[in-house]
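# pasting the sequence and the predicted coordinates here, then a few questions.
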Amino acid sequence: AAAPPPARPMISPDNPITANPGNNTLVITDYADNLERIARVIASVDTPAGMDTDVVKLQQGIAVDVAAMVAPLLDAQGAEPSQKVVVMADPRSNSVLLRSSSPGRTRLARQLVEKLDRAQDESGNLHVVYLRNAQANQLAGVLRGVVAGQSDTAAMGSNEGITPLPGDANRSTPAQPSQPQQAKTGGNALESQRLDPSRRDAIDAGSTGFSQNGISVQADVATNTLLISAPEPVYRNLRRVIDQLDQRRAQVLVESLIVEVNQTDAAELGVQWMLGNGRTFGGTHFGGATGGSGLNTGARTTLDVLPKDGLKIGVIDGTINLPGVGQILNMKALANALQSKGGANILSTPNLMTLDNEAASIMVGQTVPFVSGRYVTDGGGGSNNPFQTIVREDVGLKLRVRPQISEGGTVKLDIYQEVSSIDAQSANSTAGIITNKRALDTSVLLDDGQIMVLGGLLEDSVSHGRDAVPGLGRLPVLGALFRSDTRKRAKTNLMVFLRPHVVRDPAAGQRLTRDRYDYMRNAQAGAQPVQSWALPALSAPQLPPQDLSVLGEGNARDGQGQPLQNTSLAALYPAGDGDAQLVQFAQGLDPARASQGVAQVRALGLQAYAEATPGESGQRLRVRLPRDPAKLDPALQQLRGLGYTPELVIGP
C-alpha cells in the first residue's frame, strides 16, 4: 500500500506516515483531532473499484478438493476486505469460482488453482472421500444403485427402519416381505423400529459396500468415509454425485399449540319424601337417595343416604334401620338444590427439532397398566390360582412429525398428535380404566414461520332430565314436590395450531435456543424458595448466562476457559455459595493495575477484590454478584462496558 495523495498534505511535515504492504495498512502519527479527519478522508477514497470474478475450469483435479485447499491459503488473517478472496466450488461443471475486489489477488488465486490442477502421479485408482454431512453407509447404497443403473431407495433409509405414522395405513408404502409379527405390549404409537437402538445398529451395519462391474465402493462408518476403487472417468462421475448429495441438511423446529377451553354449568332441584314406621319404609328415589324396607337392628348409624352436594332441607322423625345400610334418619321430606359451574383452560406447547425428511417424536406423560385378561387355573387340591395379564400404554401428550422442506422454503408436514388422559370417574372401576383421547393425523403444507390451524372441535351440548312420581309429578303446582329436575350445559372448544421454523444455519438455531434458554432461566429465577427466618437460606440452582464462560478453580489459575468434566447444575452451583456467585473478570495484573481495576469496579457498587494467582505472577480480579438474573445480567454488562471479560468461577 502507498499513501494516497489526499493524505500527505493533511499531515504535519514532522509527523511520519508509513505504509505496511504486508497487511495493506497505513501507520500515521499526528494529533488526535487531525487523525479523525484523515481517517474520514481515507475511508472515502479507500473503496473497491469493483468485484472481480473468475471461473477456473479444472482439467485434472476435483473442484471440491481444490477449493478446500486453496481457501485457507488465501484467507489472510487481519487483511482488509479488499484483499480477501472468496473461493467456491461448482461440482456440476468441475470449476472453481474466485471473487475479490482486488484484481491482483484474483490473479494470484487463479495461478494457485492452476498449479494444483495437475494429473495424479500414481496410476492407482483407489480414492478416499471424506464426507461432511451425509452418512457413508447410506450414500454407499445410493452409489450402488447408480452403478447398477437402478435406484436403491431402501439403502437410503427412506422407508427402512421407520414405521409409518399412526393412521398411515392408507398411504402408499412399499411391500414388505412376510415376517412373523411380534406381540405388541400396548398401543404405544411412539414404538418404532427407527427409535430402537438395536434396529439402528442393524441398519448402520448393513449396505456398507459393494463391488460390481470392476467398481468397488466401501463405507467406513467409524470415520464416515467412502473408499472408491474405480477408473478415473468413473470416479469423476461418482464424485460429482457425492458432492451434490453431501450437503448440509436443514432442520425444522415444529411448534405445536394445543388450546382447550371447557365450561360446564349444571343445576339440580328436587323434593323427596320418605315415610316409615317400625315395620315398613317407603319413599321416593331421586338423585341417588336410598329407600327400602325391612329391619336391621344391629346396624350402625349412618347418613350415607343423604345427597352429598348442594343445599338440603328436610323434616326428620326419629330413625329407622335399612338392610345393608344401617340406622338412618327417618326423613319425612328432603329438598335438595344444587348448582355447579366448572371450567378449564389448557394450553400445551410441545416443541420438536428434527432434520429435513427425518421422523421424530416426543412423548410427555405416564406409562399406565391396563388389564388385558383374567384367568383362573386349577392349582390342585381344590385351590384356584387367579391371575391377570396387563399391558402398559403411554398416556399423555404425543407428537410425531416428519417434515420435508421444498426449494422455496415451504414445509410439508406429516404429523400425528395425541392428547390422552385417564377418566377420573373410572379410576376405581372394576370394568377397567377409561381413557379420554384426542388424536389428529394429517399432512399439511406451510411456509416458514406460518401459523396454521390443523383442526379442532367446537361442541355445545345441553342436556336435561326429570325424575318424578307417576301421576303426582304432573300436578300443576303440587307436582314440584314429587319430582327432581336436572339441567346441564357443557361447552368444549379445542383447537390445534402448528408453526414450523426452518433452521438452515447455526446462527438461526442459536437464536431459537437463546430465546428458550432465557425463558427457562427467568422461570428458574421466579421459582426461588421464599426466605424464612426459621429456615436456613437456600437458593435453587439456575442456568448461567449464555454468554458467560465457566471456569473451574484449576482453569481459573491459568485463564483457560476449557470445558468442565462435570457440567451438571450441582457442579455449577455447589452448596454453601448462598445467593452470591463468584465471577472473575481480569488476571495477570501488576499490583498497581489491580488496585486501579478494583477501584474502578467498586465505583459501580460491586464487591470487587484482588488476590494473588496461585503458581503465577500477577493478581486476578474477582467480584461476587447476586444469582438473580435481574441483578446479575446488568452487572455483567457493566463489566463488559469497562472492557473486561467476566467468567463464571466454580469449584471447591
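Arrived safely, thanks for sending.
# neighbours of residue 481, how many?
For residue 481, the neighbour count with other Cβ atoms under 10 Å is 17. All C-beta atoms are positioned from the backbone trio N, CA, C, and that covers glycine.
# brain fart, residue 26
Number of residues near residue 26 (other Cβ under 10 Å) recorded here: 17.
# let me know the secondary structure of residue 531.
Look at residue 531: counting by DSSP: H, G, I helix; E, B strand; the rest coil, its state is coil.
# give me the distance between it and residue 70.
Using Cβ to Cβ, to the nearest Å, residue 531 is found at 63 Å from residue 70.
# between these two, who's got more neighbours?
residue 70 (22 against 10).
# check what pLDDT the closest residue to the more buried one other than its chain neighbours gets.
Computed as Cβ to Cβ, 6 or more residues apart in numbering, the closest residue to residue 70 that is not its neighbour in sequence is residue 87, at 5.3 Å. We have a pLDDT of 87 for residue 87.
# helices along this protein, start to end?
Here the chain has its helices, by DSSP state H, at 32-45, 63-74, 103-116, 136-148, 153-156, 197-205, 232-245, 506-526, 553-558, 569-572, 591-602, 629-641.
# and those helices as JSON lines, adding mean pLDDT?
Output for these, formatted as JSON lines (pLDDT from 0 to 100):
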{"stretch": "helix 32-45", "mean pLDDT": "77"}
{"stretch": "helix 63-74", "mean pLDDT": "83"}
{"stretch": "helix 103-116", "mean pLDDT": "84"}
{"stretch": "helix 136-148", "mean pLDDT": "84"}
{"stretch": "helix 153-156", "mean pLDDT": "41"}
{"stretch": "helix 197-205", "mean pLDDT": "44"}
{"stretch": "helix 232-245", "mean pLDDT": "85"}
{"stretch": "helix 506-526", "mean pLDDT": "81"}
{"stretch": "helix 553-558", "mean pLDDT": "42"}
{"stretch": "helix 569-572", "mean pLDDT": "38"}
{"stretch": "helix 591-602", "mean pLDDT": "87"}
{"stretch": "helix 629-641", "mean pLDDT": "84"}
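# what number of residues lie near residue 544?
By other Cβ under 10 Å, 19 other residues sit near residue 544.
# isn't it up against residue 648?
Yes - between residue 544 and residue 648 a contact is recorded at 5.3 Å, counting by Cβ atoms under 8 Å.
# any regions of the stretch 451-600 of the chain where pLDDT drops low?
546-579 (pLDDT under 70).
# try 50
Scanning the stretch 451-600 of the chain for pLDDT under 50 picks out 553-577.
# now the angle from the longest strand seen in the chain to helix 506-526?
When the chain is parsed with DSSP state E, its longest strand is strand 251-276. Per axes from the mean of the first three to the mean of the last three Cα atoms, to 10 degrees, the angle that strand 251-276 makes with helix 506-526 is 40 degrees.
# report all helices and strands that strand 251-276 contacts.
Strand 251-276 makes packing contacts with strand 281-283, strand 326-348, strand 351-355, strand 383-405, strand 411-422, strand 483-503 when contacts are defined by 3 or more Cβ pairs under 8 Å, 6 or more residues apart in numbering; DSSP states H and E.
# closest one to residue 436 among those?
Counting by Cβ to Cβ, residue 436 lies closest to strand 411-422 out of these; the figure is 5.0 Å.
# that older thread, need the helices and strands packed on strand 251-276 in a markdown table (columns: distance to residue 525).
Listed next are the helices and strands packed on strand 251-276 as a markdown table, based on distance: least, Cβ to Cβ, whole Å:
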| stretch | distance to residue 525 |
| --- | --- |
| strand 281-283 | 62 |
| strand 326-348 | 22 |
| strand 351-355 | 21 |
| strand 383-405 | 26 |
| strand 411-422 | 30 |
| strand 483-503 | 26 |
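# which stretch in these has the least confidence?
When the helices and strands packed on strand 251-276 are ranked by mean pLDDT, strand 281-283 comes last with a mean of 52.
# can you count the residues close to the spatially closest residue to residue 588 that is not a sequence neighbour?
The spatially closest residue to residue 588, leaving aside those adjacent along the chain, is residue 618, at 4.0 Å (Cβ to Cβ, 6+ apart). The tally of other residues near residue 618 (other Cβ under 10 Å) stands at 15.
# go on, residue 247?
Residue 247: 10 surrounding residues under other Cβ under 10 Å.
# contacting residues for it?
Shown in contact with residue 247 (Cβ atoms under 8 Å, 6 or more residues apart in numbering): 133, 134.
# try 10 Å this time
Counting by Cβ atoms under 10 Å, 6 or more residues apart in numbering, residue 247 makes contact with 132, 133, 134.
# ok, now how distant is residue 59 from residue 466?
Taking Cβ to Cβ, one finds residue 59 at 95 Å from residue 466.
# tell me which residues touch the nearest residue to residue 438 once chain neighbours are set aside, please.
Spatially, and ignoring its direct neighbours in sequence, residue 438 is nearest to residue 419 (4.8 Å; Cβ to Cβ, 6+ apart). When contacts are counted by Cβ under 10 Å, 6+ apart, residue 419 is found next to 258, 260, 346, 348, 350, 365, 395-399, 436-440, 494, 496.
# who does residue 419 bridge with?
According to DSSP bridges, the partner residues bridging residue 419 are residue 397, residue 438.
# deepest in the core, which of the helices of the chain is it.
Among those, the stretch with the highest mean neighbour count (mean count of other Cβ atoms under 10 Å) is helix 136-148, at a mean of 21.
# contacting residues for the nearest residue to residue 543 once chain neighbours are set aside?
Excluding its sequence neighbours, the residue lying closest to residue 543 (Cβ to Cβ, 6+ apart) is residue 521, at 4.6 Å. Counting by Cβ under 10 Å, 6+ apart, residue 521 touches 542, 543, 544, 545, 546, 629, 632, 633.
# can you do 8 Å?
So residue 521 contacts 542, 543, 545, 629 (Cβ under 8 Å, 6+ apart).
# so which of the residues you listed is the closest to residue 28?
After measuring those against residue 28 - Cβ to Cβ - the closest member comes out as residue 545, at 40.1 Å.
# I'd say the closest one and residue 634 touch.
No - in terms of Cβ under 8 Å, residue 545 does not count as a neighbour of residue 634; the distance is 11.2 Å.
# who touches both of the two?
Going by Cβ under 8 Å, 6+ apart, no residue sits against residue 545 while also sitting against residue 634.
# nearest spatial neighbour of residue 645, chain-adjacent residues omitted?
Residue nearest to residue 645 in three dimensions, not counting chain neighbours: residue 585, with 6.7 Å by Cβ to Cβ, 6+ apart.
# surely that neighbour and residue 625 touch.
No - look at residue 585 against residue 625 with Cβ under 8 Å: they stay out of range, at 10.2 Å.
# picking up where we left off before, so how do I select the buried members of the contacts of residue 419 in PyMOL?
Filtering the contacts of residue 419 down to the buried ones (16 or more other Cβ atoms under 10 Å) takes a single PyMOL command:
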select buried, resi 258+260+348+350+395+396+397+398+399+438+440+494+496
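# just the pLDDT for residue 189.
At residue 189, pLDDT is 39.
# circling back: just checking, the residue nearest to residue 588 touches residue 592?
No - taking Cβ under 8 Å as the definition, residue 618 is not a contact partner of residue 592, at 11.4 Å.
# now residue 342: how far from residue 434?
For residue 342, the distance to residue 434 - Cβ to Cβ - is 19 Å.
# actually, residue 643.
In terms of Cβ to Cβ, residue 643 sits 66 Å off from residue 434.
# neighbour count: those two, which is higher?
Taking other Cβ under 10 Å, residue 643 and residue 434 do not tie; residue 434 has more neighbours (13 against 10).
# if anything else comes up later, I'll come back, but that's it for now.
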